[in-house]
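*Asks:* Predicted model follows, preceded by the sequence.
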Amino acid sequence: MPKSLGKDSTCSIARSLEVLGDRWTLLILREALIAGSTRFQEFREALGIAPNLLTQRLTFLIDEGLLTRRTYREEGARARDEYVLTETGRSLNLVIAALSDWARTCRPRPDGTSPAFVVEDSGAPVRLAFVTGDGDQVNAQRLVARRTPDRELAGP
């Protein structure tokens, strides 16, 4: 699945797309993040994906460190695997939220649904924002982006 994307494959966006550039991958992650899916059949039922494709994508996500495989056994049944988000996988909440915001704004549908993100302990709703180092929020339309070496950027 991974392949070099364009001349500047060191670009963080190209590196992200090497892992996330397949629609099934993002939809599997959506189900894991939003619906809490962990079992093969849950993903199959939610997505309608062919079993061989799902197996390939789950293996890829494990290899990339976004999911981990864990064995479980229901009483009277054989042992099976479930697929649990890693911390790296859970950190994609930001990506899923950004994609959702974009689609809600730029590709609205009267019958559309979107995830609502809330603080786990309090249930307080949250939203995405660009924030300066001083804590000021900046409208996305006022931003410009410039190529910058990763080592020069501040961490999260």
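*Replies:* All right, it came through fine. Keep in mind it's a predicted model, so treat the numbers as computed, not measured.
*Asks:* hey, let's count contacts and neighbours off CA atoms from now on
*Replies:* OK.
*Asks:* how much space is there between Asp22 and Glu152?
*Replies:* Asp22 sits 29 Å away from Glu152, going by Cα to Cα, to the nearest Å.
*Asks:* Please enumerate the strands of this structure.
*Replies:* Applying DSSP state E to the chain gives strands spanning 67-72, 80-85, 130-131, 137-138.
*Asks:* pLDDT score for Lys3?
*Replies:* Looking at Lys3, its pLDDT stands at 57.
*Asks:* Quick one: residues in contact with stretch 40-53.
*Replies:* Residues outside stretch 40-53 that contact it (Cα atoms under 8 Å, 6 or more residues apart in numbering) are Leu27, Ile28, Glu31, Ser37, Leu54, Asp81, Glu82, Tyr83.
*Asks:* From those, keep the buried residues only.
*Replies:* Leu27, Ile28, Glu31, Ser37, Leu54, Glu82, Tyr83 (16 or more other Cα atoms under 10 Å).
*Asks:* Nearest to Pro115 among those?
*Replies:* For the buried ones among the contacts of stretch 40-53, the closest approach to Pro115 (Cα to Cα) belongs to Glu31, at 10.8 Å.
*Asks:* That closest one is in contact with Arg39, isn't it?
*Replies:* No - using Cα atoms under 8 Å, Glu31 makes no contact with Arg39, being 10.5 Å away.
*Asks:* how long is stretch 28-43 end to end?
*Replies:* So stretch 28-43: terminal residues 7 Å apart, Cα to Cα.
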